[in-house]
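[1] I'd like to go over a predicted model; first the sequence, then the structure.
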Amino acid sequence: MTAVGYTAPTMALVGSAVPNSPAVRLVDAKGEGMAGVHVIFSVTAGGGSVEGGTAKTDINGIASVAKWTLGTTAGVNILTAQSGKLAVTFEATGRAGAARTLVKSSTDPQTAVVNTAVAAAPSVTVEDAYGNPVAGVMVTFAVTAGGGTVTGAMQQSSSTGAATLGSWTLGRTAGANAVRAFSPGLPSMTFLATGIPGPVAGLSVIPRGLVLSPGQSQRLTASEADRYGNETGTVVAATFTSANRAVATVSRSGLVTGTAIGNTIITVTSGASTKIVPVYVSVGGHPTGTTRVDTPEGGRPFAVRASVTNVLLVGEQDNDLLGRYDLPGTTRVGSVAVGDDPTDIDISVDGLKAYVTNQRSHTLGVIDIATNTQLSTVYVGGSPFRVTRSRDGARIYVTTGEGHLVTVNAATLTAGAPLALGGPLNGLAVHPSQPVIYVTSTSGILYAVSEATGQPLASVSTGSGAQEVVVSPDGATLYIAMEDGPLQIRSTANLELIGTIPLATSAFGAAVTPDGAQLYSTHPRAGRVLVIDLATRAVVRTIDGGVPRRVTFDRAGATAFVGNEGGYVSFIK
């Protein structure tokens, strides 16, 4: 018996039929074909299947199968044709099909010291639909959280289907890190790692800035920290010194108490570290409201923010600029060129840098206040609305019109993976003493988000039109400006509604004075700002004119600043 009509070995995709059906010819001693003889074809290796496995030779002595389908595992397949004691084998190689998936092939998750490489570089195996490795597929690795770096980001899968990142160095901030592996047309794969603090090298103090009212107290906590400021979790004994005890005093245990309106610095030192940490303290009151100065400014003034160093920045939406004022002056002294449509501003604890949301540029801008220069930008993946920093200044929080909360590492200026909350997020505030972020959505939801995990802790419905959210200086109360109803008062403990201010209906912006005594709310539709006494919830002053938007105060609370789209900035003292 001889094989005919088939060239062996051959090759075909796993799970598919070979291109030529195997056939044999049965001949007698004279070499003439033997008709009518039964031949059995059977798969003896590779796990495939055969159709027409029992055949009878034709007039020429030839018998063939209808179809030989290879197995789903790449490699050698064998088909055996047998008639009596005679046997012939056919060999075919099954090769992997098109890439369908990425499979993790390295340790995940991992833990490593911040700013060091993980022990096992992320690796994936590219596989076809049957789990066979696929060679020659380009895989790209990219950091998506934590602000670390990678080498060898683009890798082609080997003959075993493996694609391994060169190295992954975690970011400098302790916490979650992530790298995503992806290839066009395939589901991506995410690797996780936790950065832990390195060796003790300094001191960390929480919080780094305080705003108190006279008589109000808040405690500072000093802990061991690595070279990047990550706390090791070990609280240390420290020495606390106030530069101006007339403004604020500090006890041996770090309890800071406001004594009079003004600014001072608490220096913190520890025997465990030679590092000295400054804490900026402002003791505030509230404006008397007896003086109002409107300074003309172009570009539809919108956002306003004052620094501890008495610099006021104003966002000019249409001019793509920030106007600058050196307080207590009320004259614009310069400007900073930024991105398209600056909608919100925040300033670092030390007053050296500012952060601006460039809405139509989809970036967070980083400003050097001394030189009036936008130093760099961070792409945040959407239309950024609000910006505020963490209490220690290590993280910058940004909300977007697409419903995302984005955390940016202040040291590396890298954006982590966005937290999807939903709806345009136009309210953002950080609790003054607890690791909690509050976010409001105009679709009608208030969220409490953990600073530690970056995940929601709780949420409640507010009704549609929720805008600005602010926290009282003592951290007990939330005030939410509502465009479609009265201003809401809620508890930070459980987010429950504890009251409303009906006269402050259709509010857009809001801010509580540093002493916690008054709330300023802006009402663009009505063209007015309301000043509300929080003890009685009564409106004690109305400031009419233009289209008022954001409102803020200087650190001492002596002056309120209102950005007005009518073309001016109001200074209320």
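    Perfect, I can see it now.
[2] other SSEs contacting the helix or strand hosting residue 449?
    Using DSSP states H and E, residue 449 sits in strand 445-450. Applying 3 or more CB pairs under 8 Å, 6 or more residues apart in numbering; DSSP states H and E, we find strand 445-450 packed against strand 436-441, strand 456-461, strand 466-471. Quick note: C-beta positions are derived from backbone N, CA and C, even for glycine.
[3] go again with 10 Å.
    strand 404-409, strand 425-430, strand 436-441, strand 456-461, strand 466-471, strand 477-482 (3 or more CB pairs under 10 Å, 6 or more residues apart in numbering; DSSP states H and E).
[4] in the sheet, who's paired with residue 211?
    residue 282 (DSSP bridges).
[5] what about it, distance to residue 514?
    5 Å (CB to CB, to the nearest Å).
[6] find the residues that touch each one of these two.
    Taking CB atoms under 10 Å, 6 or more residues apart in numbering as the criterion, residue 211 and residue 514 both touch 258, 282, 283, 284, 473, 553, 555, 556, 557.
[7] now for those residues, which pair is the farthest apart?
    Spatially, the most separated pair among the shared contacts of residue 211 and residue 514 is 258 and 553, at 15.1 Å (CB to CB).
[8] touching, residue 137 and residue 159? I think so.
    No. Using CB atoms under 10 Å, residue 137 makes no contact with residue 159, being 11.7 Å away.
[9] higher neighbour count, the two?
    Higher neighbour count among residue 137 and residue 159: residue 137, with 22 against 9, using other CB atoms under 10 Å.
[10] and the more buried one, what does it touch?
    By CB under 10 Å, 6+ apart, the neighbours of residue 137 are 98-99, 102, 124, 126-127, 155-158, 161, 163, 183-186.
[11] drop anything exposed from these.
    For the contacts of residue 137, a burial check counting by 16 or more other CB atoms under 10 Å picks out 99, 102, 124, 126, 127, 155, 157, 161, 163, 183, 186.
[12] tell me the secondary structure at the last one.
    In terms of secondary structure, residue 186 is coil; the call rests on DSSP: H, G, I helix; E, B strand; the rest coil.
[13] make 643 the starting number, not 1.
    Will do, 643 is the new start, and the previous item becomes residue 828.
[14] measure it to residue 1113 for me?
    From residue 828 to residue 1113 the distance is 44 Å (CB to CB).
[15] the closest residue to residue 884 other than its chain neighbours - how many residues pack around it?
    Counting by CB to CB, 6 or more residues apart in numbering, residue 884 lies nearest to residue 892, which is 4.9 Å off, once chain neighbours are set aside. The tally of other residues near residue 892 (other CB under 10 Å) stands at 23.
[16] which ones are touching residue 892?
    Residues in contact with residue 892 (CB under 10 Å, 6+ apart) are 859, 861-862, 881-884, 898-899, 906, 908-910, 921, 923.
[17] for the stretch 893-1042 of the chain, give me the ranges with low pLDDT.
    Low-confidence segments of the stretch 893-1042 of the chain, defined by pLDDT under 70: 914-916.
[18] give me that answer again for 80
    Across the stretch 893-1042 of the chain, the ranges flagged by pLDDT under 80 are 913-918.
[19] all helices for it, in order.
    Counting by DSSP state H, counting those that start in this stretch, the stretch 893-1042 of the chain forms no helices at all.
[20] buried stuff in stretch 979-999?
    980-981, 983-993, 995-999.
[21] ok so, going back, farthest-apart pair in the buried ones among the contacts of residue 779, please.
    The widest separation within the buried ones among the contacts of residue 779 (CB to CB) is 15.4 Å, between 769 and 797.
[22] so where's the protein uncertain?
    Ranges of the chain meeting pLDDT under 80: 643-651, 789, 875, 913-918.
[23] before we move on, the earlier item: okay if I get the buried ones among the contacts of residue 779 as JSON lines plus distance to residue 812 and secondary structure?
    Shown next, in JSON lines, are the buried ones among the contacts of residue 779 (distance: CB to CB, whole Å; DSSP: H, G, I helix; E, B strand; the rest coil):
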{"residue": "741", "distance to residue 812": "29", "secondary structure": "coil"}
{"residue": "744", "distance to residue 812": "22", "secondary structure": "strand"}
{"residue": "766", "distance to residue 812": "19", "secondary structure": "strand"}
{"residue": "768", "distance to residue 812": "26", "secondary structure": "strand"}
{"residue": "769", "distance to residue 812": "28", "secondary structure": "strand"}
{"residue": "797", "distance to residue 812": "20", "secondary structure": "strand"}
{"residue": "799", "distance to residue 812": "25", "secondary structure": "coil"}
{"residue": "803", "distance to residue 812": "27", "secondary structure": "coil"}
{"residue": "805", "distance to residue 812": "21", "secondary structure": "strand"}
{"residue": "825", "distance to residue 812": "24", "secondary structure": "coil"}
{"residue": "828", "distance to residue 812": "26", "secondary structure": "coil"}
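[24] same list, the residues you listed, but as CSV with distance to residue 866 please.
    Formatted as CSV, the buried ones among the contacts of residue 779 follow (distance: CB to CB, whole Å):
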residue, distance to residue 866
741, 48
744, 40
766, 38
768, 45
769, 46
797, 39
799, 45
803, 45
805, 40
825, 43
828, 44
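[25] my read: residue 1182 touches residue 930, true?
    No. Between residue 1182 and residue 930 no contact is recorded; they are 11.0 Å apart, counting by CB under 10 Å.
[26] thought residue 864 was touching residue 910?
    Yes. Checked against CB under 10 Å, the pair residue 864 and residue 910 is within contact range at 5.6 Å.
[27] residues shared between the contacts of those two?
    With CB under 10 Å, 6+ apart, residue 864 and residue 910 have common neighbours 845, 846, 847, 880, 881, 882, 896, 919, 921.
[28] closest to residue 1017 among the residues you listed?
    residue 919 (24.2 Å).
[29] tell me how far that closest one lies from residue 907.
    Residue 919 is 10 Å from residue 907, by CB to CB.
[30] pull the distance from stretch 808-820 to the chain's centre.
    14 Å (CA atoms, centre = their mean, to the nearest Å).
[31] could I get the CA-only coordinates of that stretch as CSV?
    Taking Å, rounded to 0.1, in the frame of the first residue of the first chain, the C-alpha atoms of stretch 808-820 are listed here in CSV:
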residue,chain,number,x,y,z
GLY,A,808,12.3,45.3,30.2
SER,A,809,11.7,46.7,33.7
TRP,A,810,9.1,48.5,35.8
THR,A,811,10.2,51.1,38.4
LEU,A,812,7.5,52.2,40.8
GLY,A,813,6.6,55.8,41.4
ARG,A,814,7.9,57.8,44.4
THR,A,815,4.5,58.0,46.2
ALA,A,816,3.6,55.0,48.4
GLY,A,817,0.4,53.2,47.2
ALA,A,818,-1.1,51.7,44.1
ASN,A,819,0.9,51.4,40.8
ALA,A,820,-0.3,49.9,37.6
